[in-house]
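Q: Structure of the sequence below:
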Amino acid sequence: MQASDSRVNAVGEFFELDAGPDLIDSPRYNEDIAPTKIAERTWNRWNIASLWVGMAICVPTYTLGGVLTAYFGLSVTEALWTIFIANLVVLIPLTLNAYPGTRYGIPCPVVLRASFGIVGSNVPALIRAIVACGWFGVQTLFGGIAIHLLLSALFDGWAALGGTGEVLGFFIFWVANVTVVIRGSESIKHLETLAAPLLLAVAIGLIVWALPKVSLSEVLATPATRPAGAPVAGYFMAALTAMVGFWATLSLNIPDFSRFAESQKSQIAGQIIGLPLTMFLFSGLGVLLTSASLELVGETIADPINLIGRIDSPVWVVLAMLMIVLATISTNTAANVVSPTNSFQNIAPKYINETKGVLVTGLIGIALMSWELAKKLGWFASDVSVESLYSNWLLGYSSLLGPIAGIMIVDYFLVKKQHYELADLYISGRTYPDWHVPGLVAFLAPVALTVIALVTGSISWFYDYGWFTGSILGGLIYWFMCRGK
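A: Residues are numbered from 1 along each chain as shown. Next up, the predicted model:
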């Protein structure tokens, strides 16, 4: 390594970077994607657990049970067990990929520079960013509906706006999300810490409201919708893959948050405490309330926002909608804005800072939802629904991210032996090349097989189990190509 004006200091289990002129002048460096200082690493296990509670309690989680029973042929009990097991499985890449973020204080795109190259890291980072922008648009749409129902309960004139009110709610919610992220990591931490207990309280309140109207044992005994006598294994594995894909995105960019953790024990414990049980319970609540909705409001409604909006009490509607708005903001800011913000900065750090990255994310989110906003304004009619986008494209697209997760884990733990030349991650041509061929090949090969399986119908199992097959194959190819280097 060439002489450097920058210094890397080992402090306990952490490494801290003192940037010199060589880094400050580098086109691959800015203050927002620079390693966090030790003093900035303040998130304890409860902050990280709160982060996961805030992300997991959201409209898509609520509908997971219905998705698994309707689209994957599982019974209600099988669906809930699948959700729980999937979130135990996804803890493995989440905790492992969080390690370099905690140790070195670096965000996801900088971690990717070690395995894909300084410039090549933009390929996986931008693929991840587009998924996040899609989810950002969907969640903002849900948040806008909640704001519309909230204001409709307070003002009759707003209720008369109909779809226009939902569009206005979308942009109100958009501004709230963007503001939180621009204010920085501490703002996100405080929001998640505030939101977590309130969201749990709302979930408990909804259970108390619904239980007298439904038999829990009857709901859990709801039979599977698959053909009679069909073996459960294939349906279970397809559903498990889809549910792992639900958080596949976060398994890549978890360093964006673990870079603020106070220790490796904190990030591991926080994720174990916050993720599996929250997902299981809130998905179960969705199944329970959907089953109870016929008795509660006279029709089956799988969307919690519209279900709560039917409550014949303006006070409870206002309180519930406030909590849903808070829940969706806490999910959206952490899960869908932070990652693309860092990814867009990674393209040109000297020209795109955190604020500009947030705005780019927000504008792409608006563009991706423009068709739905135009429908709500009555400009045109379309059969394409947000539900189909959520159930098909986004989850299917997430399966393509498996190879990236496998490559990241193999690179850090087996190839780099948990050691990075920290300063060199920000300067082209020192330790890390601009383009690292093994990383790109290990990513593209499984993706090509997934596309072939999807288009031709041959080796369909490769696509059906896409996250697992992709992550394992990507990791193996990368390891074989990097042996001996």
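Q: E299 falls within a helix, correct?
A: No - counting by DSSP: H, G, I helix; E, B strand; the rest coil, E299 falls outside a helix, being coil.
Q: Can you report how many residues neighbour the closest residue to I427 other than its chain neighbours?
A: Excluding the flanking residues, the one nearest I427 by C-beta to C-beta, 6 or more residues apart in numbering is S26, at 4.9 Å. The way it works is simple: take the backbone N, C-alpha and C, and place the C-beta from them, glycine included. When neighbours are defined as other C-beta atoms under 10 Å, S26 has 18 of them.
Q: Looks like S26 contacts L425 (just checking).
A: No - in this structure, S26 is not within contact of L425 by C-beta atoms under 8 Å, at 10.2 Å.
Q: Can you pull out the low-pLDDT segments for the stretch 101-250 of the chain?
A: The stretch 101-250 of the chain contains residues with pLDDT under 70 at 185.
Q: Can you show me the helices along it?
A: Applying DSSP state H, counting those that start in this stretch to the stretch 101-250 of the chain gives helices spanning 108-116, 122-154, 156-159, 163-182, 185-210, 216-220, 232-246, 248-253.
Q: For the second one, list every residue counted as buried.
A: If you call a residue buried by 16 or more other C-beta atoms under 10 Å, then helix 122-154 has these buried ones: 122-125, 127-129, 131-153.
Q: Out of the helices of the stretch 101-250 of the chain, which is the most enclosed?
A: Highest mean neighbour count among the helices of the stretch 101-250 of the chain (mean count of other C-beta atoms under 10 Å): helix 108-116, with a mean of 29.
Q: what helices or strands is that helix leaning on?
A: Counting contacts by 3 or more C-beta pairs under 8 Å, 6 or more residues apart in numbering; DSSP states H and E, helix 108-116 packs against helix 76-104, helix 122-154, helix 255-258, helix 338-347, helix 402-410, helix 437-456.
Q: give me that answer again for 7 Å
A: When contacts are defined as 3 or more C-beta pairs under 7 Å, 6 or more residues apart in numbering; DSSP states H and E, helix 108-116 sits against helix 122-154, helix 255-258, helix 338-347, helix 402-410, helix 437-456.
Q: and A374, how far is that from T95?
A: A374 sits at a distance of 42 Å from T95 (criterion: C-beta to C-beta, to the nearest Å).
Q: For those two, indicate the residue with more neighbours.
A: Between A374 and T95, T95 has the larger neighbour count (other C-beta under 10 Å), namely 20 against 15.
Q: so what's that one up against?
A: By C-beta atoms under 7 Å, 6 or more residues apart in numbering, the residues touching T95 are I268, Q271.
Q: could you redo the last one with a cut-off of 8 Å?
A: Residues near T95 by C-beta atoms under 8 Å, 6 or more residues apart in numbering: Q267, I268, Q271, I272.
Q: any idea what sits nearest the last one, other than its immediate chain neighbours?
A: The spatially closest residue to I272, leaving aside those adjacent along the chain, is L91, at 6.5 Å (C-beta to C-beta, 6+ apart).
Q: Check the contact between the one you found and Q271; I expect there is one.
A: Yes - using C-beta under 8 Å, L91 makes contact with Q271 at a distance of 6.1 Å.
Q: if you count what's nearby, which of those two comes out ahead?
A: Comparing L91 with Q271 by other C-beta under 10 Å, the one with more neighbours is Q271, at 26 against 17.
Q: Next one: the more buried one relative to N30, how far apart?
A: Applying C-beta to C-beta, the value for Q271 to N30 is 28 Å.
Q: Now for the residue nearest to V119 when sequence neighbours are not counted: which residues touch it?
A: With sequence-adjacent residues excluded and distances taken as C-beta to C-beta, 6+ apart, V119 is closest to D434, at 4.2 Å. By C-beta under 8 Å, 6+ apart, the contact set of D434 is G117, I118, V119, G120, S428.
Q: Just say helix, strand or coil for the last one.
A: Assigned state for S428: coil (three-state reduction, three-state DSSP).
Q: excluding its backbone neighbours, what's nearest it?
A: Per C-beta to C-beta, 6+ apart, closest to S428 is I118, 4.8 Å.
Q: Report how many residues lie close to Q418.
A: Q418 sits with 11 neighbouring residues when counted by other C-beta under 10 Å.
Q: how close does it sit to G475?
A: The gap separating Q418 from G475 is 16 Å, by C-beta to C-beta.
Q: And the pLDDT for the residue nearest to G274 when sequence neighbours are not counted?
A: Distances taken as C-beta to C-beta, 6+ apart place W52 nearest to G274, at 3.0 Å, with adjacent residues excluded. Predicted confidence (pLDDT) for W52: 89.
Q: residue contacts, the residue nearest the centre of the chain?
A: Nearest residue to the geometric centre of the chain (C-alpha atoms, centre = their mean): A335, 4.1 Å. Residues in contact with A335 (C-beta under 8 Å, 6+ apart) are M55, A132, W135, Q139, T249, L250.
Q: mind running it again at 10 Å?
A: 51-52, 54-56, 58, 60, 132, 135-136, 139, 247, 249-250, 253 (C-beta atoms under 10 Å, 6 or more residues apart in numbering).
Q: Quick check: phi and psi on it?
A: Torsion angles at A335 (phi, psi; degrees, to the nearest 10) stand at phi -80, psi -30.
Q: which residues do S26 and L425 both contact?
A: Jointly contacting S26 and L425 under the rule C-beta under 10 Å, 6+ apart are I118.
Q: Doesn't L17 lie inside a strand?
A: Yes - assessed with three-state DSSP, L17 lies in a strand.
Q: what about it, how many residues close to it?
A: L17 has 22 neighbours, counted by other C-beta under 10 Å.
Q: Could you check how far it is from F257?
A: Distance of L17 to F257, given as C-beta to C-beta: 19 Å.
Q: same thing with G357?
A: To F257, G357 is 16 Å away according to C-beta to C-beta.
Q: ok, these two, which is more surrounded?
A: Set G357 next to F257 and count neighbours by other C-beta under 10 Å: F257 wins out with 30 against 26.
Q: and that one, what is it in contact with?
A: Counting by C-beta under 10 Å, 6+ apart, F257 touches 43, 47-48, 51-52, 55, 98, 101-102, 107-108, 185, 188-189, 192, 250, 267, 270-271, 334, 338-339.
Q: for T61, same thing?
A: Contacts for T61 (C-beta under 10 Å, 6+ apart) come out as 55, 83, 246, 278-283, 285-286, 304, 327, 331.
Q: which element is it on?
A: Secondary structure from DSSP states H and E places T61 in helix 59-62.
Q: With that, I have no additional questions.
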